[in-house]
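Q: 3D model of this:
(one chain, ligands or ions: 1)
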Amino acid sequence: MQRRLRIGTRGSKLALIQANDVARRIGIALGLPAEEAAEIVVIKTTGDRVQDRNLSELGGKGLFTKEIEDALLDGGIDLAVHSMKDMPTVLPDGLIIDCTLERVDPRDAFLSSKATSIATLPQGAIVGTSSLRRGAQVKARRPDVTVVPFRGNVDTRLQKLADGVADATLLAMAGLTRMGLLDKVTAPLSTEEILPAVAQGAVGVERRVNDAEVAELLQKLHHVETGLRIAAERATLAVLDGSCRTPIAALALIDGKKLAMRAMILSPDGSEVIETSREGLALDAVALGADAGEELKGRAGSHFFDEV
Ligand SMILES: NCc1[nH]cc(CCC(=O)O)c1CC(=O)O
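A: Okay, the predicted model is just below:
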């Protein structure tokens, strides 16, 4: 590798931690100090500018990636590090993600000073979250709860909770772990209780399709099992797409050659929950995920997708 690679990322604390992790791994792969192998380039995205509205109202996916992907296509950067959870299922022509780091804990965490679980929240409690998926799943279990929007980065949301804006919130274990904030977690939520977002806990590295040098390097960083799990979940999402305001959750697990997954869509108020599961060969990840998505789509009917 002749050049010092430029790694594009959002400027949030979590994004920077993830980008620096990739820089460190690239350094190791090249046998160089991380700073010599790569530099971090912070890019502000539309999603970072908009603090006051539900992201889903603005078209959701892609808001955190457009400017970074433009820089990748322009050659201003060579790699982009993303939380795979925030990535649209379709990438721009000329870009590819075929490198995913080993996934960490995909679960959501429950954070509250009023209760130790969703079940024991006081009657009529307020849960702060701007995630349609989290809100709908909480309401499915506790219809008496009021969900209020909770936007901003992880630190902002923790502050809102401390200020009493809500009685509880849900955040990804992955982000809290990476930021060293596990002590804020009241309890992890089992995936039976709250099914995670597609690709939650996985970091991906995007590159130009035609950059053979970077492709070869990134192969060394790729975690195959994570790639297959994410492929299954994202295949479900892709089938259900065009409905970015429908709460969707999915989680695939791999044991040896076998993949098992659950997938779910809900009405935003949690009154309707449609769930399915698949088991098969891990190598058939995409087909299994897509098949699960087709089933959910068929069972939900079109009203599910255009009522909101
Ligand atoms: N939507 C924001 C976002 N994107 C990725 C993470 C956490 C890390 C991950 O899930 O990989 C978070 C914060 C959260 O949902 O708590």
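
Q: so which helix or strand of this protein has the lowest pLDDT on average?
A: helix 303-306 (a mean of 74; mean pLDDT, DSSP states H and E).

Q: for this structure, which residues are neighbours of the ligand?
A: By CB under 6 Å from any ligand atom, the residues of the chain that approach the ligand are Ser83, Lys85, Asp86, Val154, Leu171, Ala172, Ala174, Gly175, Gln200, Gly201. For the C-beta atoms, the positions are set from N, CA and C on the backbone; glycine is no exception.

Q: give me the number of residues near the first one?
A: Yep, that's Ser83 we're talking about. Residues contacting Ser83 under the criterion other CB atoms under 10 Å number 23.

Q: got the phi and psi for the closest residue to it other than its chain neighbours?
A: Spatial nearest neighbour of Ser83, chain neighbours left out: Val203 (6.3 Å); criterion: CB to CB, 6 or more residues apart in numbering. Note on Val203: its backbone torsions stand at phi -110, psi 130 [degrees, to the nearest 10].

Q: my guess is Val203 meets Val81, correct?
A: Yes: under the criterion of CB atoms under 8 Å, Val203 makes contact with Val81 at 6.4 Å.

Q: now the common contact residues for those two.
A: Gln18, Val22 (CB atoms under 8 Å, 6 or more residues apart in numbering).

Q: tell me how far stretch 159-171 lies from the chain's centre.
A: Here stretch 159-171 is found 21 Å from its chain centre; the criterion is CA atoms, centre = their mean, to the nearest Å.

Q: can you get me a residue count around the nearest residue to Ala187 once chain neighbours are set aside?
A: Distances taken as CB to CB, 6+ apart put Phe110 closest to Ala187, at 5.1 Å, once the chain neighbours are dropped. Phe110: 23 surrounding residues under other CB under 10 Å.

Q: where does the residue nearest to Ala34 when sequence neighbours are not counted land in three-state SS?
A: With sequence-adjacent residues excluded and distances taken as CB to CB, 6+ apart, Ala34 is closest to Gly27, at 3.7 Å. Secondary structure state of Gly27, per DSSP: H, G, I helix; E, B strand; the rest coil, is helix.

Q: contact partners for Gly27?
A: For Gly27, counting by CB under 8 Å, 6+ apart, the contacting residues are Pro33, Ala34, Glu35, Glu36, Ala37, Ala38.

Q: buried only: go through those residues for me.
A: Ala34, Ala37, Ala38 (16 or more other CB atoms under 10 Å).

Q: for the one helix or strand Thr236 maps to, what is the average pLDDT?
A: Element membership for Thr236, per DSSP states H and E: helix 224-240. For helix 224-240, mean pLDDT rounds to 97.
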